[in-house]
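> Generate coordinates for the sequence data below:
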Amino acid sequence: MLEDEMLAAVESPVALITEIGTHLVKSGGKRIRPALYFLAVHCGSFHSEKAMPLAVAIEMIHMASLVHDDVIDSADTRRGTPTANAKWGNQLSILSGDYLFAKAFSLVAGNNYDERVTTRLADLVCGLSSGEIIQNKEIYRASRDVDEYYERIAKKTADFLEICCELGGIVGEVPAETIDALRVYGASIGMAFQITDDLLDLTADAKTIGKPAGNDILQGIVTLPVIRALDTSPDSVELEAIVTNPHMMPEELSRALDIVKASDGLVFAQAKVDEYLARARAVLPPSLPADVREAYIMAADFIGGREF
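Numbers count the residues shown, from 1 in each chain. You can find the predicted model right below:
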């Protein structure tokens, strides 16, 4: 049903907008954000006609942010499918992303949600932009600032999952203390999700993750495993020289990957993932409906074991 509602939402009198929007929806995705939102709504009073428009808006904001990310990153594929910018160029992609953002807020405005919903969604979009700006100023700098890294991934990923859980609680009219717990859960699995993403960028192949392995290093983005390798590897000087080079050659990228994998960077980052997931599981209150609690635990387990 969510997919059908999303396809309906991207329909436009302008045929090209419909074409691009349909391509983006059908490109797939885990839909983890609306799933977390729906679970939170089920903690209280669930009415599909009330809950669905916000679920669509949440996923459209996510889609819009990915469209803009792909333009920034000059990405040709995502999830193994051509990106909007690869098919229609940067200008139309940016405008399409803007259209999706506006359409998302139109859905919210037209369904009389609590004013907290609009405020938190605005906070979300500001945070997504801030995260990209923080990341952009650090490219090719080999920063070892772990706190800056955590701030960046919180704004880019964790805050989004936190807000999904929070908004579900608001729409479901659950008690304030339950919403607080759901927010912590969402933030924790969000941090784990992004660190896992950063691990997969270093360890998975292009067919598995839908983009080239080592893409972050190639773009000058230093993630937690690389930060750790810069601090602990005997080859840290060589690694720093590679990751600060905007013109690195394929063999240099391969060497950087080897250095990181030979260090304790992957193990260190995986331990952080496990720490965040343990926090997420522990914060779930016993008052949650049993099926919802089980689903949230399964979501944490999925993130801990994901390979794509």
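
> continuing past the worst-scoring helix or strand of the chain on mean pLDDT, what's the next helix or strand?
Across the helices and strands of the chain, the lowest-confidence element by mean pLDDT, DSSP states H and E is helix 206-209, at a mean of 60. Remark: after helix 206-209, the chain's next helix or strand is helix 215-218, criterion DSSP states H and E.

> now could you export just the CA positions of that next one as PDB?
Coordinates of each C-alpha in helix 215-218 appear next as PDB, following Å, rounded to 0.1, in the frame of the first residue of the first chain:
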ATOM      1  CA  ASN A 215      33.700   5.100  -2.800                       C
ATOM      2  CA  ASP A 216      33.900   7.200   0.400                       C
ATOM      3  CA  ILE A 217      37.700   7.200   0.400                       C
ATOM      4  CA  LEU A 218      37.700   8.100  -3.300                       C
END
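
> mind listing what's buried in that helix?
Neighbour counts using 16 or more other C-beta atoms under 10 Å place 215-218 of helix 215-218 among the buried residues. Backbone N, C-alpha and C define where each C-beta goes, glycine included.

> so what secondary structure elements neighbour that helix?
Judged by 3 or more C-beta pairs under 8 Å, 6 or more residues apart in numbering; DSSP states H and E, the packing partners of helix 215-218 are helix 176-203, helix 250-262.

> mind listing what Arg279 touches?
For Arg279, the contact set (C-beta atoms under 8 Å, 6 or more residues apart in numbering) comprises 184, 188.

> what's the pLDDT at it?
As predicted, Arg279 sits at a pLDDT of 98.

> Distance-wise, check Asp198 relative to Arg152.
11 Å (C-beta to C-beta, to the nearest Å).

> who's in contact with stretch 217-225?
73, 135, 138-143, 146, 149, 195, 198-199, 201-202, 212, 216, 226, 230, 242-244, 246, 248, 253, 256-257, 260, 263, 265-266, 268-269, 272.

> Would you mind checking those for buried ones?
Of the contacts of stretch 217-225, these count as buried by 16+ other C-beta under 10 Å: 73, 135, 138-139, 142-143, 149, 195, 198-199, 201-202, 216, 226, 230, 242-243, 248, 253, 256-257, 260, 263, 265-266, 268-269, 272.

> could you measure Cys164 against Val243, distance?
Separation of Cys164 from Val243 (C-beta to C-beta) stands at 33 Å.

> what does Glu49 give?
In terms of C-beta to C-beta, Glu49 sits 50 Å off from Val243.

> Val184 too?
Where Val243 is concerned, Val184 sits at a distance of 33 Å (C-beta to C-beta).

> Equivalent analysis for Met6, please.
From Met6 to Val243 the distance is 38 Å (C-beta to C-beta).

> what helices or strands is the host helix or strand of Cys126 leaning on?
Element membership for Cys126, per DSSP H and E: helix 115-137. For helix 115-137, the packing partners by 3+ C-beta pairs under 8 Å, 6+ apart come out as helix 48-73, helix 90-109, helix 146-153, helix 159-171.

> pLDDT weak spots in the stretch 101-250 of the chain?
206-212 (pLDDT under 70).

> hmm, try it at 50
Along the stretch 101-250 of the chain, the model assigns pLDDT under 50 to no residue.

> And the closest residue to Asp198 other than its chain neighbours, how far from Pro250?
For Asp198, ignoring the flanking residues on the chain, the nearest one in space by C-beta to C-beta, 6 or more residues apart in numbering is Thr223 at 3.7 Å. For Thr223, the distance to Pro250 equals 19 Å [C-beta to C-beta].

> Who has more neighbours out of the two?
Neighbour count, other C-beta atoms under 10 Å: between Thr223 and Pro250, Thr223 has more, with 22 against 10.

> distance of that one from Ile94?
Distance of Thr223 to Ile94, given as C-beta to C-beta: 26 Å.

> in which helix or strand would I find Leu288?
Here Leu288 is assigned to no helix or strand, by DSSP H and E.

> Looks like it contacts Ala295 (just checking).
No. Contact criterion C-beta atoms under 8 Å: Leu288 and Ala295 do not qualify, at 9.6 Å.

> Please say which of the two ends up with more neighbours.
A direct count of neighbours by other C-beta under 10 Å for Leu288 and Ala295 places Leu288 higher, at 21 against 17.

> got a list of what that one touches?
Leu288 makes contact with 43, 178, 296, according to C-beta under 8 Å, 6+ apart.

> Looking at the residues you listed, which is nearest Arg31?
Tyr296 (15.4 Å; C-beta to C-beta).

> Measure how buried Gly127 is and give me the count.
19.

> Which residue is the nearest non-sequential neighbour of it?
In space, Gly127 is closest to Lys155, 4.4 Å off (C-beta to C-beta, 6+ apart).
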